[in-house]
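J.: quick check, what structure comes out for this input:
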Amino acid sequence: MPDTEASFDDLQARIAATIEFLKSVPATAFDGKEGDEVVLKFGPRSVTFPTAKDYALVFALPNFYFHATTAYGILRHKGVPLGKLDFIGASA
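T.: Purely as a prediction, here's the structure:
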């Protein structure tokens, strides 16, 4: 998808489009792919992960937790009444 969002509404629309795209991909499309190479392209640069498992464990999950933690910290700093259980969820 093009990266052209200029407003919060644009971002919300992109999230909705991404969710719809993900729903269109059958779960079986991922079966047996954990050993496949993953290449991410960032403009002229690219990063290669030897396996999809490496991509998930070394890049995707750490990035997700970094952004979730950063958003949590910013919201708390701005006075939003969040606690540890809001971050880790009800399973703790």
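J.: from here on, just use CA atoms for contacts and neighbour counts.
T.: OK.
J.: residue closest to the middle of this protein?
T.: Phe64 (5.2 Å; Cα atoms, centre = their mean).
J.: in the helix or strand where that one lies, what counts as buried?
T.: Following DSSP states H and E, one finds Phe64 within helix 61-77. Within helix 61-77, the residues that count as buried by 16 or more other Cα atoms under 10 Å are Tyr72.
J.: and Leu40, which of the three is it?
T.: strand (DSSP: H, G, I helix; E, B strand; the rest coil).
J.: quick check, pLDDT for Glu37.
T.: Note for Glu37: predicted pLDDT of 97.
J.: make that Thr51, sorry
T.: Thr51 is given a pLDDT of 97.
J.: so it makes contact with Gly32?
T.: No: taking Cα atoms under 8 Å as the definition, Thr51 is not a contact partner of Gly32, at 11.3 Å.
J.: who's more crowded, these two?
T.: Thr51 (15 against 8; other Cα atoms under 10 Å).
J.: look up phi and psi at the more buried one.
T.: Main-chain dihedrals, Thr51, degrees, to the nearest 10: phi -140, psi 160.
J.: same check, this time on Ala6
T.: phi -120, psi 0.
J.: count the residues that sit near it.
T.: Neighbour tally, Ala6, other Cα under 10 Å: 8.
J.: what sits against it?
T.: Listed by Cα atoms under 8 Å, 6 or more residues apart in numbering, Ala6 has no contact partners.
J.: assign Ser46 to helix, strand or coil.
T.: Quick answer, by three-state DSSP: Ser46 is strand.
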